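[1] take this sequence and fold it.
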Amino acid sequence: MELRNIAIIAHVDHGKTTMVDQLLRQSGTFRDNQKVDERVMDSNDLEKERGITILSKCTSVVRGDVRINIIDTPGHADFGGEVERILSMVDGVVVLVDAAEGPMPQTKFVTAKALGLGLNPIVVVNKADRPDARHHEVHDECFDLFVALDANDQQLEFPMLFASAKEGWAAETPEGPKDNLDPLFDLILSHVKAPASATPETAALPFAMLATTLERDDFLGRVLTGRVEQGTIKRNDVIKAMSADGTLIQEARISKLMAFHGIERVSVDEAGPGDIVAIAGLTKATVADTLCAMEVTDALVAQPIDPPTLAMTFSVNDSPLAGQEGSKVTSRMLRDRLDREAEGNVAIKITETESGDAFEVGGRGELQLGVLIETMRREGFELSISRPRVMFKSDPQTGQRLEPVEEVQIDVDDEYSGVVMEKLGIRRAELLDMRPSGGSKTRIILHVPTRGLIGYHPEFMTDTRGTGVMNRVFHAYAPSRGDVPRRQNGVLVSTEQGNSVPFALWNLEDRGDLFITSGIPVYQGMIIGENARTGDLDVNPMKVKALTNMRSSGKDEAVRLSPHRQMALEAALTYIQDDELVEVTPKSIRLRKRLLLPHERKRASREAG
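    Just a heads-up that it's a prediction; the model follows:
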């Protein structure tokens, strides 16, 4: 059976996973009476809750006598490491672009990677049924994007289709016919070449493949997925794993060999060049290692992964409430869990600090690290997390300090463009383009230091009354642009331990915004609100009304608390300052001072000058 290996890449929310759903349905993968979830490829709980793809996943469909392996990729820039490593497994890409929004920053990011590897793209303008669709303008924008990314002549002759993944049709014109996805299937078969390694000569060579993804299975242990580059592999074969420099890692027997049929992994007896397979039985091999026959001596070349640009410090929870909600509270458990994460997630880098009970975790952005924290939280971990900080570099020639700069694309109502430009100007932004995008909206494109964007999104949503859309992607390292302003207001810090009292909180409402309500456990050094002024304020959230034997001439006022501000995990991480931490447990997210006692904080402030 012939093979085609493709990846579907696009910006977040442009319809990749919905398109894969329809390809599976129209290929006959599911029975007519089979109940299938919407966005079936988003199988992770967090993916379903957030409506985004976090992990790359492989599926396959059969079209005539051709098997098409399809890889659904994440659309958010923070998970770009997933996209970079799987592009080595495919021979073509389908670039999905929203018919109204056009190419977005993440489209540019992943398309640049694909074009750099020489992959020939198919462009699909999705959501062509939108009333505000700009079909032919988006076509021109895609061509301009490919030219800007130095695409070769063959890549610039890309075929194009208009489609609606939700309605399940694709056609050469926006007008239709709007019947099915047959035009997309036919284009994949005609435009994407079979794997170059799928030849009799390559099949006769010793087996070799590059491990691209790693996952853990409760029954099979470590499962490594990749594309067979040469030779054939059978179940129970003895193979070896080599690192990139050719060092032997281990020798092992394959206990399970699986291929992808539809959305399921099916056990097979043999696989050949070009096949995407999952292998179980190796206990030490990891991503980017070469799995090969015993006689192979040279390791396969793995695609380089962009380094992390943001870091946070993960440490064990040492607050007075530690151990009450979680089951995994020791540094040993934390170290083992982070090591496991770093094995499978090549975009994350773990460094142990001098203290030994804290670990610096580097990643691509707040969302990626926030997803990791949320996953660990659900597994029963209790953590203390520091404020995100950017990872600087030094220019090897000039010695100048370099910092990560991101390309930011903002779509905002015309009336709010002024305040957005003012706020980003303070944050050392450099304006690249500003133009009307139709519908009384303005599109602004800027280069902004990553430092300037930490904690800006909630402020941006407030300034635009919730109507603004901001997309960002890593651009490059550039010379440091100087100081960036931080949070102006101080915080309200608890001085007592116990449960908060309504009367005390009611009196504190004049002091600022509260983060807690009544009856919530608090402790000394815990942040319970934001001060209306600069500087921190120590307060007592447990103060009760003084009772006397004097009769009041009037009726006691009923205590009615205003709604408190609830912070999601990502918002809490970007809100805190360097002397503060986010305490994360399976049931709670709390803010606290790094030093809980007031006199210790004063001493540290004096020493810092």
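
[2] secondary structure class for residue 472?
    Classification of residue 472 using DSSP: H, G, I helix; E, B strand; the rest coil returns strand.

[3] which stretches of the stretch 201-350 of the chain form helices?
    Secondary structure of the stretch 201-350 of the chain (DSSP state H, counting those that start in this stretch): helices located at 331-344.

[4] brain fart, the stretch 401-550 of the chain
    Listed in chain order, the helices of the stretch 401-550 of the chain (DSSP H, counting those that start in this stretch) span 417-426, 450-453, 456-463, 502-508.

[5] elements contacting the longest one?
    Translated: helix 417-426. Using 3 or more C-beta pairs under 8 Å, 6 or more residues apart in numbering; DSSP states H and E, the elements in contact with helix 417-426 are strand 401-413, strand 430-436, strand 441-449, helix 456-463. Every C-beta, even on glycine, is put in place using the N, C-alpha and C of the backbone.

[6] now swap in the shortest one and tell me
    Helices and strands touching helix 450-453, as assessed by 3+ C-beta pairs under 8 Å, 6+ apart, comprise strand 401-413.

[7] pairing partners for the strand it packs on, with directions?
    strand 393-394 (antiparallel), strand 441-449 (antiparallel), strand 469-479 (antiparallel) (DSSP bridges).

[8] what inclination does it have with respect to helix 456-463?
    Per axes from the mean of the first three to the mean of the last three C-alpha atoms, to 10 degrees, the angle that strand 401-413 makes with helix 456-463 is 20 degrees.

[9] list the buried residues of strand 401-413.
    For strand 401-413, the buried set under the neighbour-count rule, 16 or more other C-beta atoms under 10 Å, comprises 403-412.

[10] same thing with stretch 589-597?
    Residues of stretch 589-597 classed as buried by neighbour count (16+ other C-beta under 10 Å): 589-596.

[11] of those, closest to residue 356?
    Set against residue 356, the nearest of those by C-beta to C-beta is residue 594 (17.4 Å).

[12] the chain - how does it break down into domains?
    Structural domains assigned to the chain are 2-191, 200-292, 393-479, following automatic domain parsing.

[13] about what we covered before: go through the strands paired with strand 401-413 and find the least confident stretch.
    If you rank the strands paired with strand 401-413 by mean pLDDT, strand 469-479 sits at the bottom with a mean of 84.

[14] contacts for that one, please.
    Strand 469-479 is contacted from outside by 11-12, 77, 80, 104-106, 108-109, 306, 309, 364, 393, 395, 400-412, 447-450, 453, 457, 460, using C-beta atoms under 8 Å, 6 or more residues apart in numbering.

[15] returning to that earlier point: would you list the helices and strands packed on helix 417-426 in CSV and tack on distance to residue 124?
    Compiled in CSV, the helices and strands packed on helix 417-426 are given as follows (distance: least, C-beta to C-beta, whole Å):
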stretch, distance to residue 124
strand 401-413, 21
strand 430-436, 25
strand 441-449, 22
helix 456-463, 30
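
[16] check these for me: which has the lowest mean pLDDT.
    When I compare the helices and strands packed on helix 417-426, helix 456-463 is least confident, with a mean of 85.

[17] buried residues in that helix, which are they?
    456-457, 460, 463.

[18] circling back to that earlier point, most packed of the strands paired with strand 401-413?
    Highest mean neighbour count among the strands paired with strand 401-413 (mean count of other C-beta atoms under 10 Å): strand 441-449, with a mean of 20.

[19] tell me which of the helices of the stretch 401-550 of the chain sits nearest to residue 210.
    Residue 210 lies closest, by C-beta to C-beta, to one member of those: helix 450-453, at 30.9 Å.

[20] circling back: mind putting the buried residues of helix 456-463 in CSV, distance to residue 147 included?
    Shown next, in CSV, are the buried residues of helix 456-463 (distance: C-beta to C-beta, whole Å):
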residue, distance to residue 147
456, 32
457, 32
460, 31
463, 35
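
[21] what pairs with the helix or strand hosting residue 361, parallel or antiparallel?
    Assigned by DSSP states H and E, residue 361 belongs to strand 358-363. Strand partners for strand 358-363, identified by DSSP bridges, are recorded as strand 310-316 (antiparallel), strand 349-352 (antiparallel).

[22] following element in sequence after that strand, please.
    The helix or strand immediately downstream of strand 358-363 is helix 366-378, counting by DSSP H and E.

[23] which secondary structure elements does the helix or strand just after that following helix sit against?
    Using DSSP H and E, the helix or strand that follows helix 366-378 towards the C-terminus is strand 383-385. Counting contacts by 3+ C-beta pairs under 8 Å, 6+ apart, strand 383-385 packs against strand 310-316, helix 366-378, strand 580-584.

[24] distance between strand 383-385 and the chain's centre?
    19 Å (C-alpha atoms, centre = their mean, to the nearest Å).

[25] mind listing what it pairs with, with the direction of each?
    Strand 383-385 has these strand partners (DSSP bridges): strand 310-316 (antiparallel), strand 580-584 (antiparallel).

[26] tilt between the shortest one and helix 366-378?
    The reference is to strand 580-584. Relative orientation of strand 580-584 versus helix 366-378 (the same axes, to 10 degrees): 50 degrees.

[27] any idea of the mean pLDDT for the very next helix or strand once past strand 580-584?
    Moving toward the C-terminus from strand 580-584, the next helix or strand (DSSP H and E) is strand 589-593. Across strand 589-593, the average pLDDT comes to 94.

[28] which other helices and strands contact strand 589-593?
    strand 526-531, helix 569-575, strand 580-584.

[29] now do that strand against helix 366-378, angle only.
    110 degrees.

[30] parallel or antiparallel, which strands does strand 589-593 pair with?
    Within its sheet, strand 589-593 is paired with strand 526-531 (antiparallel), strand 580-584 (antiparallel), according to DSSP bridges.

[31] got the CA coordinates for it in PDB?
    Extracted in PDB, the C-alpha atoms of strand 589-593 (Å, rounded to 0.1, in the frame of the first residue of the first chain):
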ATOM      1  CA  ILE A 589      -4.200  28.900  44.000                       C
ATOM      2  CA  ARG A 590      -2.800  31.300  46.500                       C
ATOM      3  CA  LEU A 591      -0.500  34.300  46.300                       C
ATOM      4  CA  ARG A 592       2.200  34.700  49.100                       C
ATOM      5  CA  LYS A 593       5.300  36.600  49.900                       C
END
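
[32] which one of the buried residues of helix 456-463 is nearest to residue 277?
    For those, the nearest to residue 277 is residue 457 (40.6 Å; C-beta to C-beta).

[33] does the closest one touch residue 574 like I think?
    Yes - at 7.3 Å, residue 457 and residue 574 qualify as touching, with contact defined as C-beta atoms under 8 Å.

[34] check which helix or strand residue 19 maps to.
    Short version, using DSSP H and E: residue 19 is in helix 16-26.

[35] chain center to that helix, what's the gap?
    Relative to the chain's own centre, helix 16-26 is displaced by 22 Å; criterion: C-alpha atoms, centre = their mean.

[36] just to revisit the earlier point, would you reformat the buried residues of strand 401-413 as CSV and include distance to residue 333?
    Formatted as CSV, the buried residues of strand 401-413 follow (distance: C-beta to C-beta, whole Å):
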residue, distance to residue 333
403, 34
404, 31
405, 37
406, 34
407, 39
408, 38
409, 41
410, 41
411, 44
412, 44
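
[37] which one of those sits closest to residue 64?
    The closest of the buried residues of strand 401-413 to residue 64 turns out to be residue 409 (C-beta to C-beta; 40.8 Å).
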